[in-house]
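>>> Based on what follows, work out the 3D shape:
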Amino acid sequence: MYERAGVLKTNDGDMGSLTLIGTVSPAGGNFDEPVTQSTLSTVKCFLGLSSERAYKRFYPAVDPMLSWSRYLDQMSDWYDRNAEPGWTAKVRDLLALIEKGEQIDQMMQVTGEEGVTIEDFVTQQKALFVDMVYLQQDAFDKVDATVPLERQKKTFKLIYDVTQSTAEFADKAEVRKVFTHLTDLVKNFHYAAENAPEYKSIWQQIENLCRDKFNL
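As a prediction, this is how the structure comes out:
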């Protein structure tokens, strides 16, 4: 039994949910071996861990290029009601951006930054920004370890708006400087509790930068 989920009643009468998760560790990372293929054909969600991301200290080391979910379409109505209309389409936009950024990054490893246009470099930096501030999480921080839906919606909107912006940059050095600064601000924001003084202060700095550079 690789995956089952459902609603149950506990011994004290409360209602809860149960999800069973199966794991496989294919030898040599070969996803074509029979057990892994059998698992993939059964489940509706797959989280692929990447040693490359782990070496980069990108945690959790779930590779967005390997992972997928068949629940996205099934839950699109729920997301439209509880997150915001068009949430699923925006998620797909960001996944497409990450994939494009990965392609550009691989090109840069061969040609260097000078081998790509400034437009491609901006795309790569936007993809890295999404990865750094939304796909990564600090399980050892009491604020970042568990993020309420409303806070997720707030940061998701910010990230999506930044990635959809058409800001102009003088050169690649400015691109890197702006996105590095914004990444640092958002990561610090993730550590700020909502009742802490720095919560509003950091968010104000983020809004100022986004207004000045991205016209948001």
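>>> now the helices for the chain?
Using DSSP state H, the helices of the chain run over 34-42, 51-55, 71-74, 76-82, 87-111, 118-130, 149-164, 172-190, 197-214.
>>> Tell me the buried residues in stretch 183-192?
When burial is assessed from 16 or more other CB atoms under 10 Å, stretch 183-192 yields the following buried residues: Thr183, Leu185, Val186, Phe189, His190, Ala192. C-beta: built from backbone N, CA, C; applies to glycine.
>>> give me every residue that touches the fourth one.
Contacts for Phe189 (CB atoms under 8 Å, 6 or more residues apart in numbering) come out as Thr155, Tyr199, Ile202, Trp203, Ile206.
>>> Likewise for Glu102?
By CB under 8 Å, 6+ apart, the neighbours of Glu102 are Met65, Ala127.
>>> Recalculate using a threshold of 10 Å.
Asp63, Pro64, Met65, Gln124, Ala127, Leu128, Asp131 (CB atoms under 10 Å, 6 or more residues apart in numbering).
>>> For the fourth one, which non-adjacent residue is spatially closest?
Put plainly, it is Gln124. Taking CB to CB, 6 or more residues apart in numbering, and ignoring the residues beside it in sequence, Gln124 has Ile104 as its nearest neighbour in space, at 4.2 Å.
>>> How much space separates the one you found from Thr42?
Distance, Ile104 to Thr42, by CB to CB, to the nearest Å: 35 Å.
>>> thinking again about what came up before, return the most buried member of the helices of the chain.
The highest mean neighbour count among those, using mean count of other CB atoms under 10 Å, belongs to helix 118-130: a mean of 20.
>>> same for that one, what does it pack against?
Under the contact criterion of 3 or more CB pairs under 10 Å, 6 or more residues apart in numbering; DSSP states H and E, helix 118-130 touches helix 87-111, helix 149-164, helix 172-190.
>>> closest to Phe140 out of these?
Among these, helix 172-190 comes nearest to Phe140, with 12.4 Å by CB to CB.
>>> Distance of the nearest residue to Ile202 once chain neighbours are set aside relative to Met75?
Among residues not flanking Ile202 along the chain, Phe189 sits closest, at 4.6 Å (CB to CB, 6+ apart). Note on Phe189: its distance to Met75, by CB to CB, is 27 Å.
>>> and if you look at Leu216?
Distance from Leu216 to Met75, by CB to CB: 28 Å.
>>> How about the most centrally placed residue in the chain: what's its closest non-neighbour residue?
The centroid of the chain falls nearest to Leu135 when counting by CA atoms, centre = their mean (2.9 Å). Counting by CB to CB, 6+ apart, Pro64 is the residue found nearest to Leu135 once chain neighbours are left out, at 6.3 Å.
>>> mind listing what the one you found touches?
47-48, 50, 53, 94-95, 98-99, 102, 127, 130-131, 135.
>>> which one among those gets closest to Ser17?
Leu47 (18.1 Å).
>>> Tell me how many other residues crowd the closest one.
16 (other CB atoms under 10 Å).
>>> quick one on the thing from earlier: can you convert the contacts of Phe189 into JSON lines and add a column each for pLDDT and distance to Asn82?
Below are those laid out as JSON lines (pLDDT from 0 to 100; distance: CB to CB, whole Å):
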{"residue": "Thr155", "pLDDT": "94", "distance to Asn82": "16"}
{"residue": "Tyr199", "pLDDT": "96", "distance to Asn82": "23"}
{"residue": "Ile202", "pLDDT": "97", "distance to Asn82": "26"}
{"residue": "Trp203", "pLDDT": "97", "distance to Asn82": "23"}
{"residue": "Ile206", "pLDDT": "97", "distance to Asn82": "24"}
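>>> I appreciate the help and will end here.
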